[in-house]
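>>> sequence first, predicted model second:
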Amino acid sequence: EELRVAVIGTGRMGADHVRRIQQVISGARVTAVVDVDAERAKAVAAPVAGCAAYSDPAAAMAADDVDAVLVASPGPAHEAALLTAFEHDLPVLCEKPLTPDAASALRVLEAELGLGRRRVQVGFMRRYDAEYVKLKALLGTGQLGRPLMLHNRHRNVASPPGFTSAMLISDSVAHETDVTRWLLGHEITAVTVLRPRPSANAPDGIQDPQFVVFETDGGAVVDVEIFVNCGFGYQVQAEIVCERGTARIGEGHAMVTNMAGRWGGTIAQDFTDRFADAYDRELQAWVDATRQGEVTGPSVWDGYAAAAVCEAGVRALEEGGRVEVELVERPALYR
Ligand code: NAD
Ligand code: ISE
């Protein structure tokens, strides 16, 4: 039986996920799309056979022909969508961030604990990117020895309208919080944010770039350059430094050309390009697990930990200095 999916939020990510479910992956189809902008929902539903358009998420989740939910509305709307999905006992793929802050993430965690089983895969798609998967596998072999440092670069061409200084952390560095925890298997215990001179290309008043430092409970130090108006391309790079060696990913050297006395290649321009394969694998993994009655991938605990780290990061940005991350004890469900 094909999984019948409701996609909530039909903006950039939601519409792309509808395309992905209909045209790229197998085992699922979209039977409902929801957007508070009813016209947008209708436009996305129109070309999809048997897909209804809704403007109220709860109405879509109550429909008979919906087995699972993909939440792709903005972060502040995720908590309500998740709690409603739990009421209907629907499995969920929730785009990052799980929720925008630790308190709301904790409410979701407690609600899922109340169900007694995992229902949510969080959309940290980098865990499905071929290069990150390779890096994780290499670390797992132990050949490099223990990880000591992780350097990350995260660059976007330009920030979308309404993007704030805090969102460089809560929206963008959110990915590095997850990558750090997943690659190292450590929790992040403290965050410090340095503020380089803002680029003249950043919108007025936006602190861009930022240099973020994490400390971990395994004794590693992690840095993240986040630069969301770099102008030249979309780059996500990581270099791990271990006791016996280092490994680097995200250089984008899939093809190098030599021509007219120069060598080079192209740089992806946005995440839909750089992480296209990762999103495909992420969704296929969700559909496959869901059809088996299982939930795999990044959990609500991972979403909560990311939210807590980002909250500490935003405080470090705003107040200066080093801010410690406070986490509740990890429940057995997520061990
Ligand atoms: P967007 O603004 O393009 O689209 C959001 C859509 O949701 C809009 O159409 C809006 O009208 C609709 N909406 C707003 N409130 C709603 C509600 N309560 N119920 C239903 N629909 C509602 O945003 P986007 O860039 O598509 O981002 C959506 C989500 O995807 C966010 O959580 C974002 O962080 C995440 N995202 C993830 C990645 C990634 O790399 N994994 C990349 C971009 C965005
Ligand atoms: C966006 O929301 C994403 O999730 C992208 O992966 C990230 O690169 C970008 O900075 C965020 O705004």
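Nice, thanks for sending it over. Ligands and ions are numbered 1, 2, ... in the order given.
>>> please make it C-alpha for all contacts and neighbour counts, starting now.
Will do.
>>> what about residue 251, how many neighbours?
Neighbour count for residue 251, taken as other C-alpha atoms under 10 Å: 12.
>>> kindly report the same for residue 86.
20.
>>> what ranges does this structure have for its helices?
Along the chain, counting by DSSP state H, helices occupy 12-19, 38-45, 57-62, 78-87, 102-115, 130-141, 165-167, 174-184, 271-274, 276-291, 300-319.
>>> helices or strands up against the first one?
Right, the one you point to is helix 12-19. strand 3-8 (3 or more C-alpha pairs under 8 Å, 6 or more residues apart in numbering; DSSP states H and E).
>>> what angle sits between the strand it packs on and helix 12-19?
If you take axes from the mean of the first three to the mean of the last three C-alpha atoms, to 10 degrees, strand 3-8 sits at 160 degrees to helix 12-19.
>>> strand 3-8 pairs with which strands, parallel or anti?
Applying DSSP bridges to the sheet, strand 3-8 is found paired with strand 28-34 (parallel), strand 68-71 (parallel).
>>> now render the ones you listed as CSV, adding mean neighbour count.
Formatted as CSV, the strands paired with strand 3-8 follow (neighbours: other C-alpha atoms under 10 Å):
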stretch, mean neighbour count
strand 28-34, 27
strand 68-71, 28
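>>> for the ones you listed, which one sits closest to ligand 1?
Between ligand 1 and the strands paired with strand 3-8, the shortest separation by C-alpha to the nearest ligand atom is 5.5 Å, and it involves strand 28-34.
>>> correct me if wrong: residue 210 contacts residue 193.
Yes. With contact defined as C-alpha atoms under 8 Å, residue 210 and residue 193 form a contacting pair (6.8 Å).
>>> neighbour count: the two, which is higher?
Taking other C-alpha under 10 Å, residue 210 and residue 193 do not tie; residue 193 has more neighbours (25 against 22).
>>> once you drop chain neighbours, what's closest to that one?
Counting by C-alpha to C-alpha, 6 or more residues apart in numbering, residue 212 is the residue found nearest to residue 193 once chain neighbours are left out, at 4.5 Å.
>>> show me the contacts for that neighbour.
Residue 212 makes contact with 191, 192, 193, 194, 223, 224, 225, 226, 313, according to C-alpha atoms under 8 Å, 6 or more residues apart in numbering.
>>> what's the answer for residue 288, then?
Counted by C-alpha under 8 Å, 6+ apart, residue 288 has contacts residue 27.
>>> any idea of the pLDDT on it?
At residue 288, the pLDDT value in this model is 98.
>>> so what's the residue of the stretch 51-200 of the chain found nearest ligand 1 up against?
Per C-alpha to the nearest ligand atom, residue 73 is where the stretch 51-200 of the chain lies closest to ligand 1, at 3.8 Å. Shown in contact with residue 73 (C-alpha under 8 Å, 6+ apart): 8, 9, 10, 11, 14, 35, 95.
>>> is it true that the second one touches residue 39?
No. In terms of C-alpha under 8 Å, residue 9 does not count as a neighbour of residue 39; the distance is 12.0 Å.
>>> so which of the contacts of residue 73 reach ligand 2?
Contacts with ligand 2 are made by none of those, judged by C-alpha under 6 Å from any ligand atom.
>>> and the two most separated of those residues?
35 and 95 (15.0 Å; C-alpha to C-alpha).
>>> near ligand 1, which residues of the stretch 101-250 of the chain show up?
Near ligand 1, when you scan the stretch 101-250 of the chain using C-alpha under 6 Å from any ligand atom, you find 123, 124, 125, 171.
>>> which of these come close to ligand 2?
Checking those against ligand 2 (C-alpha under 6 Å from any ligand atom), the matches are residue 171.
>>> could you export the residues of the stretch 101-250 of the chain next to ligand 1 to a markdown table, including columns for distance to residue 114?
Listed next are those as a markdown table, based on distance: C-alpha to C-alpha, whole Å:
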| residue | distance to residue 114 |
| --- | --- |
| 123 | 22 |
| 124 | 24 |
| 125 | 26 |
| 171 | 28 |
